[in-house]
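> quick one: sequence plus predicted model below, questions after.
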Protein chains: 2
Amino acid sequence: MVGGMADIYRALADPTRRAVLDELYERDRQTLFEICGRLTVKHGLASSRQAVSQHIDVLEEAGLVRVEREGRYRFHTIDTAPLRAIAERWPARGRKDGQP
Amino acid sequence: MVGGMADIYRALADPTRRAVLDELYERDRQTLFEICGRLTVKHGLASSRQAVSQHIDVLEEAGLVRVEREGRYRFHTIDTAPLRAIAERWPARGRKDGQP
DNA sequence: TTGACATGCAAGTAGCCACTTGCTTATGGT
DNA sequence: ACCATAAGCAAGTGGCTACTTGCATGTCAA
């Protein structure tokens, strides 16, 4: 495990990090270069490799991205579980229809 | 109306703003002074009135807090609806059971 | 009106955060 | 071994943001 489960809210605050999550949500086990390329092509973001790498570090510390090392590759996978904490912190009240 | 539904993610990024939401979740229709007092006493945050006021502005622009003006008072109410967008952006996949 | 209370506005400051820059490490192919 | 690829590290920089400071506005009670 990571150890300290850093601030998930701050991790979501940056639009580039949310785009990374969007990309990983579409396709798991992507490398850093794959993510960089897809961010540029599909999301129109021109972020450098180092910038994306630092963003991924933040996402990893927040528990939103898991990493598997294989040889010289580093595969990234999204983990949506921590997002539950947000909905559970301020649950919808009043109306009892939450989800169908 | 607000107009542009500002960045909800950025609004949640600040711990003081999340404490304001916590406080309003417990009790609706609080004034600025009430919120300030409760933040200090219950959450141990020593934020000035102006600081809290600016935080509330951010929350209001994000659609997370609604305001009713009555005389010289300004009552604040939490609106949890925009939080749904987060859970809907990256829904849990794989397991089809949501929560136990 | 006067005074007290609740809030509003706007400019200035300090600290954090995203991004860059330059170099280094490590794995795999030939 | 050699080179190319994928990633790691670490210091420096610019801009954003939370907070302060000081004054102004608006409302209610006497």
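Alright, I've got the coordinates.
> near DNA strand D, which residues of chain A show up?
With C-beta under 7 Å from any atom of the strand as the criterion, chain A meets DNA strand D at residues A:Thr31, A:Leu32, A:Phe33, A:Arg49, A:Gln50, A:Ser53, A:Arg72, A:Tyr73, A:Arg74. Using the backbone N, CA and C atoms, a C-beta is placed for each residue, glycine as well.
> which of those has the weakest pLDDT?
Lowest pLDDT of the residues of chain A next to DNA strand D: A:Arg72, 93.
> distance of it relative to A:Thr31?
10 Å (C-beta to C-beta, to the nearest Å).
> looking at the two, which one has more neighbours?
A:Thr31 (14 against 6; other C-beta atoms under 10 Å in any protein chain shown).
> quick one: low-confidence parts of chain A?
Chain A contains residues with pLDDT under 70 at A:1-5, A:94-100.
> residue in it nearest to chain B?
At 3.7 Å from chain B, A:Ala13 is the closest residue in chain A, using C-beta to the nearest C-beta.
> run a quick neighbour tally on the residue lying closest to that residue once chain neighbours are set aside.
Leaving aside its sequence neighbours, A:Ala13 sits nearest to B:Ala13 (C-beta to C-beta, 6 or more residues apart in numbering or on different chains; 3.7 Å). Around B:Ala13 there are 18 other residues, counting by other C-beta under 10 Å.
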